[in-house]
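J.: sequence? don't have it. structure:
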Ligand SMILES: Nc1ncnc2c1ncn2[C@@H]1O[C@H](COP(=O)(O)OP(=O)(O)O)[C@@H](O)[C@H]1O
Ligand SMILES: [Mg+2]
């Protein structure tokens, strides 16, 4: 890549909107069939049970209809035959940035990943298209028995642990896209934290799509053993291509007795990415799972992180922020399945719709009749930036039995012309004024986020507002 | 150096004409007051000068130290040195006062320049003390749940922090009890000086006991119908606005104004 092209790229305002010419050694080609599944299984050298799992999943995928009877009709615009399902140069990541190919390394440097790793992370995995190209963790954690590798390595190096939990939180047939992921998954993280180990600094994964007409299907499995603690953060970007790109991940979390998992996402896909992700956790006795989910980018996101509260006194939380700009639909929400006494759940969802952007909240809270002492709190707040914006709320709360309590609040507010004028009168541009209102709207939630992520989120909101004012 | 409003005509976008040939010149270092009955166009004047999108200027100009600001965005006018203390300050949920004022100051710096935080809080606390504003104010959301008096103090605080060249205070006295009025007036008086021109808009004479104007204007029907020294305010207070209306013949109200 010439220096001239590089400096041109550097003036791009959005940090993620650039790409390097692709050169892939492994390419499953366009379209999806059992041969695609075999290709992926072959290059990865997988055991038979996984190969069979994939083939079965593909049949489930083919047999399930698109969920357009309740979800966006835009799903029909995904052309599965045009997508490439596996693109990689190698199947094993390196442990040193020096060994990462130059253009790929430059990509992650521009996204600030190696720098963040030095500053505040306990470990990093960087995925480029289908495979992790870099994966490393602080040595001290390895000495304590913590495992943080890509899913391919997880399966190879820890087959028993992997097999015990893989596909157990989210069954293949949960939905059409979990089936798709189960058939062609590649990349994603495998994490195991031994009993009592508290990982102080976050582990981070960064997902990068570089290729056009491509689908990224990472698969993440995190197991926090009894009394352990871990925070995982993921970021993602892709360049703005003309054609639609598909990202369809499956993320399963297992928090054993007394364990704590925090999972933080800042999703900033470009506006042509279909982001259809299934995320769910099982929380055993006295365990805590917190999903912090920020959706800024993508064309259509459908994502409803959930927690199955399986053990007594388990606690689940979803804090989510969705920002839908012109042409975007953020269809997000949360699921809390109470399955034991004295379990508590908390959902706070804030959405911002700008211009013709649309945001939807779908919530599911289920507390069956035989349980006692369960609590749920749900709050959904929507902010509309102008009159063509749209927001919908579809809460489904089924609470049976009398010893349980549920609180549900919803609000819709609007940034008024008077507010914008007031702020402009003090010298802020229209975009700055809108950013400030939006930041004000999400402020109380963002305070719960790790520092580094709140800074990043604020930066992304500023960029979105600049774009929307034009 | 002055803020000149020349032959200003303005109407609500697609609606009624409100300002009908208004002339005014506020020299730096001076304090002018505009008095007028409710609905005469006082707030409209202040908002048109500041660039509110509800209004369109149909004729005339507004010159800030010689520069016509009418083509500028409201924020550019602000950064050029124009400040408006709102009659009805707006609430901004979730945005703290400290962050808001800081963002406004930051917007005045060149790209890449960062506001120095310690210095900023030093200045902010100094001005807050002067206006008898308690420290917990900084963390509260802008005007949210504020009493009328707190909102007006906040306007004057922002004015003190932003150091405008020209400030328009729209009914800063309304909703204030006498103690608050004294504090707010003292705050404004402390800012008076050769580098600031002030236009005080008020319905009542009371405020002018505390902020003594150099010139008093009367606005009726969208134009200035009389200008004189501070004694005019007292006369108005004694005789009421009907007195002015009676003195002005229908013809005089309909014709282009003669006062400059
Ligand atoms: N945005 C607006 N839309 C419609 N009418 C307006 C608007 N602003 C002002 N007016 C009308 O213009 C007249 C002057 O209003 P205003 O400037 O607020 O008066 P004052 O501040 O002197 O009491 C009033 O009749 C008011 O109803
Ligand atoms: Mg008024």
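T.: Yes, it's here. Remember, predicted model here, so these are calculated numbers, not experimental data. Residues are numbered from 1 along each chain as shown, chains lettered A, B, ... in the order given. Ligands and ions are numbered 1, 2, ... in the order given.
J.: what's around the residue nearest to residue B:161 when sequence neighbours are not counted, how many residues?
T.: In this structure, residue B:161 finds its nearest non-sequential neighbour in residue B:101, 5.2 Å apart by Cβ to Cβ, 6 or more residues apart in numbering or on different chains. (C-beta placed from N, C-alpha, C; glycine too.) By other Cβ atoms under 10 Å in any protein chain shown, the residues close to residue B:101 number 23.
J.: With residue A:332 instead?
T.: For residue A:332, using other Cβ under 10 Å, the count is 28.
J.: Please list all residues in contact with it.
T.: Residue A:332 sits next to A:293, A:295, A:301-304, A:320, A:322, A:349, A:351, A:359-362 when contact means Cβ atoms under 8 Å, 6 or more residues apart in numbering or on different chains.
J.: Low-confidence ranges, chain B, go.
T.: B:249-260 (pLDDT under 70).
J.: Contact partners for the residue of the stretch 201-350 of chain A found nearest ligand 2?
T.: Here the stretch 201-350 of chain A gets closest to ligand 2 at one residue, residue A:350, 35.2 Å apart by Cβ to the ion. For residue A:350, the contact set (Cβ under 8 Å, 6+ apart) comprises A:320-322, A:380-383, A:441-442, A:445.
J.: How about residue B:86?
T.: Residue B:86 makes contact with A:422, A:425, B:155, B:170 under the criterion Cβ under 8 Å, 6+ apart.
J.: can we see that at 7 Å?
T.: Each residue near residue B:86 by Cβ atoms under 7 Å, 6 or more residues apart in numbering or on different chains is listed here: A:422, B:155, B:170.
J.: So for the first one, what's the pLDDT?
T.: Looking back up the chat, that one is residue A:422. Predicted confidence (pLDDT) for residue A:422: 98.
J.: Residue A:395 - that's part of a strand, no?
T.: Yes: under DSSP: H, G, I helix; E, B strand; the rest coil, residue A:395 sits within a strand.
J.: distance of the residue of the stretch 151-300 of chain A found nearest chain B from residue B:54?
T.: Taking Cβ to the nearest Cβ, chain B has its nearest neighbour within the stretch 151-300 of chain A at residue A:294, 16.3 Å off. Here the criterion is Cβ to Cβ, to the nearest Å. By it, residue A:294 lies 35 Å from residue B:54.
J.: OK, contacts around the one residue in the stretch 1-150 of chain B that gets nearest to ligand 2?
T.: The stretch 1-150 of chain B approaches ligand 2 most closely through residue B:43 (3.1 Å), counting by Cβ to the ion. Counting by Cβ under 7 Å, 6+ apart, residue B:43 makes contact with B:87, B:170.
J.: any idea how far residue A:381 is from the residue of chain A found nearest chain B?
T.: Of all residues in chain A, residue A:440 sits closest to chain B, at 2.9 Å by Cβ to the nearest Cβ. Going from residue A:440 to residue A:381 by Cβ to Cβ gives 12 Å.
J.: now swap in residue A:437 and tell me
T.: Distance of residue A:437 to residue A:381, given as Cβ to Cβ: 13 Å.
J.: Might you name the residue of the stretch 351-470 of chain A sitting closest to ligand 2?
T.: Closest approach between the stretch 351-470 of chain A and ligand 2, counting by Cβ to the ion: residue A:418, at 14.1 Å.
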